[in-house]
Every structure is written in structure tokens, then in C-alpha cells.
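model the following, please.
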Amino acid sequence: MGASVARRQTIQPSSNKRTFCLSLLGAGLVVAAPIAFAQSQPAAVAAVAAPNWVIGQKPQLPPLPLLSGQAHRFDQHAGRVLIIEFWHTKCPFCKKQNPLLDAFYRKHRARGLDVVTVSIDKKLSDAQAYMKDHGYAFAAGLADPVWHAIYKQRKGLPQLFVIDRTGVLRQIELREMFPDDILELERHL
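Numbering: from 1, shown residues only. Presented below is the predicted three-dimensional model:
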């Protein structure tokens with residue numbers, strides 16, 4: 001108790017709001033707010049458990065609801081290189097990367113490359129219109145709660161994952177990939 005009392009005594013309101021807020025965070029006084037907020041939410045908004053994807057391990061790939069309404073099962077990719085990408089119709093970086101990924105896929109699918117993308121849009125119709133407007137050849141699904149939980153483990157869009165022919169995760173990219181970056185994916189083929 002003595003240490004916490006001493007800590008509270010050292011926090012002085014400052015004319016610099018940033019310094020004051022940082023001192024509150026450092027003292028742990030603001031930690032209770034997110035906990036109280038989470039506890040006030042309805043029980044129906046429970047967190048969904050998601051498999052943790054780690055480089056060097058075989059990721060658990062749950063079924064993905066495709067934009068067509070069918071469920072995509074990932075066991076059909078055995079023995080092939082699989083790229084999974086998370087994207088959103090309003091993401092400017094995704095709009096630049098997706099044409100590059102599509103061209104890469106079209107060029108290398110005969111060499112054993114598969115690409116499956118996951119839209120994190122809220123509306124199925126938005127993702128369907130995006131895919132139709134661009135004419136991409138790769139498969140696309142709409143994230144359900146499990147796929148959203150996988151996406152939320154990392155920050156940013158687009159997110160790209162490369163799984164080798166044995167099912168092991170070999171690469172994770174959490175940013176826009178440029179043409180040279182996409183070409184470097186050939187090393188996995």
C-alpha cells in the first residue's frame with residue numbers, strides 16, 4: 001500500500017495535458033476504464049477465440065464463407081503454396097496491392113499457387129461489387145467472427161500470409177506490398 005500511496009503523491013496536474021495523461025497511464029490509474037467499459041457490454045458481445053498464426057508453424061485454417069455463399073475449406077490447398085490476404089473495399093493500400101496480387105496469381109497458379117482473400121467489410125454486397133468491378137481471379141470470402149478475430153490479432157491492412165506446400169506459415173506482411181515485394185514471393189514457389 002505504501003508504494004501505491006507514494007505513486008499517487010507524485011502525480012501532479014500539469015498545464016501540459018499530454019504529460020498529465022501519460023503520468024496517469026504510468027501510474028495505472030486509467031487501466032480500470034477499459035475494464036469497466038468491457039464489463040458494461042452485453043454478454044452477447046463475447047470475444048471469439050481465434051487460432052494464433054505463428055511463422056514456422058502450421059496455422060489452423062477455419063472454413064471461410066465465400067462471397068458466393070459457399071464455405072471454403074482449406075484442405076484442398078495441400079501440396080500448394082497458399083497466400084491469404086485480408087482487405088477492405090475502402091482501403092487505399094489494398095486497392096493498390098490487389099491488382100499486383102491478382103497478376104502474380106494469374107502468372108503462377110500453374111506452378112502451384114493459390115490465393116484466397118478475406119474481406120473485412122461489414123456488407124457482403126460491398127465485397128461482391130468490389131470483386132465484380134475489378135474482375136480478380138483469386139477466391140474471396142467475407143470474414144465471419146473467427147476470421148475477424150484472426151485479422152484483429154495484428155494491426156493494419158492489407159495483411160498477407162504465405163503458407164508453404166507443407167502447410168507451414170512462412171511469411172507475414174502487415175503493410176502494402178509494392179511490385180518488388182510481390183515478386184519476392186516467388187521464393188516460396
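
just want the most central residue of this protein.
What sits nearest the mean C-alpha location of the chain, by C-alpha atoms, centre = their mean, is Tyr151, with 2.7 Å.

got the residue ranges for the strands in the protein?
64-65, 71-72, 81-87, 113-119, 139-142, 159-163, 169-173 (DSSP state E).

pipe these into JSON lines and attach distance to Lys107 per row.
Backbone N, C-alpha and C define where each C-beta goes, glycine included. JSON lines is the format used below for the strands of the chain (distance: least, C-beta to C-beta, whole Å):
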{"stretch": "strand 64-65", "distance to Lys107": "24"}
{"stretch": "strand 71-72", "distance to Lys107": "22"}
{"stretch": "strand 81-87", "distance to Lys107": "13"}
{"stretch": "strand 113-119", "distance to Lys107": "9"}
{"stretch": "strand 139-142", "distance to Lys107": "17"}
{"stretch": "strand 159-163", "distance to Lys107": "16"}
{"stretch": "strand 169-173", "distance to Lys107": "18"}
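
now tell me which helix or strand of this structure has the poorest mean pLDDT.
helix 32-40 (a mean of 34; mean pLDDT, DSSP states H and E).

give me the pLDDT for the residue nearest to the centre of the chain.
If you check Tyr151, the pLDDT there is 96.

centre of the chain to the longest helix belonging to the chain, how far?
The longest helix of the chain (DSSP state H) is helix 92-108. How far helix 92-108 lies from its chain's middle: 17 Å, per C-alpha atoms, centre = their mean, to the nearest Å.
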